[in-house]
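> what's the 3D shape of this:
(2 chains)
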Amino acid sequence: MTDTQSIIAGARSDRKANVYEMIDQLFTDFFEMHGDQVSGDDSAIVAGLAKLSGHPVALVATQKGNNLEDRMATHFGSPEPAGYRKSLRVMKLAEKLNFPIITLINTPGAYPGADAEASGQGQMIAKNISEMLKIKVPILTLITGEAGSGGALALACSDQIWMFENSMYSVLSPEGFASIMWKDAHLADKAAELMRLTPDWLLKQHAIHRVIPENMLSDGSLKTEMTGVIRDLSHQNVADRLKKRAAFFRRF
Amino acid sequence: MSSFGEHVKRFSSRSVSMLKHYQAKVPNGIWQECPHCHASFYFKRAGQYRVCPECGYGFRVTARRRLKMLTKNFEEWDTDLETKDPTEFPDYEHKIKKAQTVTHLKDGVLTGKALIDEYPVALGIMDPLFIMGSLGTANGERIARMFEKATEQRLPVVLLTASGGARMQEGIYSLMQMAKISQAVNDHSAAGLAYISVIMDPTTGGVTASFASQADITLAEPKALFGFTGKRVIEQTINKQLPDDFQSVENSYKRGFIDEIVSREQLPNRLSQLLGILEAKEWGDTK
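Below is the predicted model:
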């Protein structure tokens, strides 16, 4: 296995599928909210209010699910328009209440379904990106596994973007890439090597802010780091913070 | 003296009309039928929360009784607002008097400042037994003032809704309550304060189409009816029968309009958890 292949295997590991366990390790008092107030409740997005080290935060996470039934329901962690509407709804509430936002991302991308397409998948991603760039409260994103395409970016227009050592972030999934480039999704391994989707390379490009060793989750130091960074971001002037958020993306 | 066995034999040989005769002798209210699942049960099985032991449906109770299930710590606001009769509707005054006797309220809502656990909130509870919780000028004014006071005192709002909709007897005055209260909700929201609504049975019409659907977080009691247009009106308009659960909160949850369905017993706990997050120390306070 090449380095890239082992990172992809790590990113797609079943251990990471259950986002509720990760939420329990980082936060307390999680109150999950449901529904987009338009069309349904997409279980691929888990969102609500919680406390981080005793302070209020809003959470938006993708989830793949623990068993086959859950994974069918979440389309293996691929949100539909209802999921993006729910996440925006929770982010807007966070802005109103002045709660910082934390997003946890593990998605191959937005769900490529006919219904999703018909109910405005592209438009909802567009709206989330545009709204996230304007939201006045601090936003921190942690990519825990996969982060593919606009479906991931719709949750990652943030002040700080962190990645686990074994995670990937790319313009789309290696399967999708191979299918577009060579009309064959089976050439995903070859695609992955070319795609430059590993945390170290992305950090060098300044496409992300930090690479996080995964043992920092279990030993509690990730929670401490998050708390410190959210606190620092909270003390920045809102206009400065938004300017920096915009400048980060302007460089590309 | 007849034995029990003989009695049963005698009883079972009676005609249906005799059976009905005996049933009529059972005092009213001893047996209760759930309007949702139609199970019949001895009334005490509904317990202190007045919930169907079979399906969990919460029976309609007065606002004052519903309050006791939520908190003991309550200071009532605006007790003096009187119902007006702007359209001089026939027999309206009499109807109001009757409703006041049943509910011990001047009009269909109870509002005030309450403690839920240790957290102060502005609390409103609509009364489904006051002319079906319909929205008129007096209860509408009381709800609007609750939001205004909550904004001044920087309190979150918890509002339990139950309403058949606009109060027909008050005509356009009733309709205007929807806009008046929505404005008060907007001002409360613009002040960065949270509003939690709890949908009770039934929440319909103008209340659904205004403040019941404007909360930041929407909770609901199991099996409550929640909708805009009444089922009968829709059926007569489209000439089609609709399923029983057509406007259940369970359906609304699936369609994305409810955050969580919470039993009466669990509601204080869930609210306390939520208020605990809302009242947690802000990030800006820590240096």
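
> The longest strand seen in chain A pairs with which strands, parallel or anti?
Criterion DSSP state E: the longest strand present in chain A is strand A:139-148. Neighbouring strands of strand A:139-148 in its sheet, by DSSP bridges, are strand A:101-107 (parallel), strand A:160-164 (parallel), strand A:168-170 (parallel).

> which one of those lies closest to A:Asp219?
strand A:160-164 (13.9 Å; CB to CB). No exception for glycine: its C-beta is placed from N, CA and C like everyone else's.

> Now do the contacts for A:Val229.
Counting by CB atoms under 8 Å, 6 or more residues apart in numbering or on different chains, A:Val229 touches A:140, A:160.

> which residue ranges form the strands in the chain?
You didn't pick a chain, so chain A it is. Going by DSSP E, chain A shows strands at A:28-33, A:45-52, A:55-62, A:101-107, A:139-148, A:160-164, A:168-170, A:210-212.

> oops, chain B please
Counting by DSSP E, the strands of chain B are B:31-33, B:40-42, B:74-76, B:109-116, B:119-126, B:157-163, B:195-203, B:217-220, B:260-261.

> average pLDDT for the last one?
pLDDT averaged over strand B:260-261 equals 98, rounded to a whole number.

> got the buried residues for stretch B:259-266?
Residues of stretch B:259-266 classed as buried by neighbour count (16 or more other CB atoms under 10 Å in any protein chain shown): B:259-262, B:264.

> what do you get for stretch B:180-196?
In stretch B:180-196, counting by 16+ other CB under 10 Å, buried: B:181-182, B:184-185, B:188-189, B:193-196.

> and of those residues, the nearest to A:Tyr20?
Closest to A:Tyr20, out of all of the buried residues of stretch B:180-196 and judged by CB to CB, is B:Ile196, at 23.0 Å.

> my read: the closest one touches B:Thr161, true?
No. Using CB atoms under 8 Å as the test, B:Ile196 is too far from B:Thr161 to be in contact (11.1 Å).

> I'd like to know which of the strands of chain A lies nearest to A:Gly122.
Comparing these by CB to CB, strand A:139-148 comes nearest, at 15.1 Å.

> can you list the residues that contact stretch B:180-191?
Against stretch B:180-191 from outside (CB under 8 Å, 6+ apart): A:96, B:140-141, B:143-145, B:147-148, B:150-151, B:154, B:157, B:195, B:210-211, B:214, B:216.

> Show me which of those are buried.
A:96, B:140-141, B:143-145, B:147, B:150-151, B:157, B:195, B:210-211, B:214, B:216.

> Now go through the residues you listed and say which are in helices.
A:96, B:140-141, B:143-145, B:147, B:150-151 (DSSP state H).

> The strands of chain B: which one's closest to A:Thr74?
strand B:260-261 (19.0 Å).

> and the nearest residue to B:Trp283 once chain neighbours are set aside, what does it touch?
Distances taken as CB to CB, 6 or more residues apart in numbering or on different chains place A:Ser234 nearest to B:Trp283, at 3.7 Å, with adjacent residues excluded. By CB under 8 Å, 6+ apart, the contact list for A:Ser234 reads A:100, A:138, B:283-284.

> Quick one, which of those are buried?
A:100, A:138, B:283.

> Show me which of those is closest to B:Gly58.
For the buried ones among the contacts of A:Ser234, the nearest to B:Gly58 is A:Pro100 (36.6 Å; CB to CB).

> Now do the same for the closest one: its pLDDT.
Reading off the model, A:Pro100 has pLDDT 98.

> Is the residue of the stretch 51-200 of chain A found nearest chain B bridged to anything, and to what?
Closest to chain B within the stretch 51-200 of chain A is A:Pro56: 4.4 Å, counting by CB to the nearest CB. Beta-bridge partners of A:Pro56, counted by DSSP bridges, are A:Lys51.

> Does it touch B:Leu278 like I think?
Yes. Using CB under 8 Å, A:Pro56 is in contact with B:Leu278, at 7.0 Å.

> Now for these two: what residues contact both?
In contact with both A:Pro56 and B:Leu278: A:49, A:97, using CB under 8 Å, 6+ apart.

> Quick one: distance of stretch B:239-248 to the chain centre.
21 Å (CA atoms, centre = their mean, to the nearest Å).

> Quick check: the spatially most central residue of chain B vs chain A, distance?
Centre of chain B computed as the mean C-alpha position; nearest residue by CA atoms, centre = their mean is B:Ala162, 3.2 Å away. Distance of B:Ala162 to chain A, computed by CB to the nearest CB, to the nearest Å: 21 Å.

> got a list of what that residue touches?
Taking CB under 8 Å, 6+ apart as the test, what B:Ala162 contacts is B:60, B:126-128, B:133, B:200-203.

> Closest one of those residues to chain A?
Using CB to the nearest CB, these come closest to chain A at B:Thr203, 15.3 Å.

> Could you give the number of residues near the closest one?
Look at B:Thr203: counted by other CB atoms under 10 Å in any protein chain shown, it has 31 neighbours.

> residue contacts, it?
Applying CB under 8 Å, 6+ apart, the residues contacting B:Thr203 are B:161-163, B:212, B:224-226.

> A:Ser53 versus that one, what's the distance?
38 Å (CB to CB, to the nearest Å).

> can you give me the helices in the chain?
Chain wasn't specified; assuming chain A. A:3-11, A:19-26, A:68-73, A:81-97, A:114-118, A:121-134, A:149-153, A:174-182, A:188-195, A:199-204, A:215-218, A:221-235, A:238-250.

> look at chain B instead
Counting by DSSP H, the helices of chain B are B:4-12, B:16-24, B:63-68, B:92-103, B:137-152, B:171-190, B:205-208, B:231-238, B:249-254, B:267-278.
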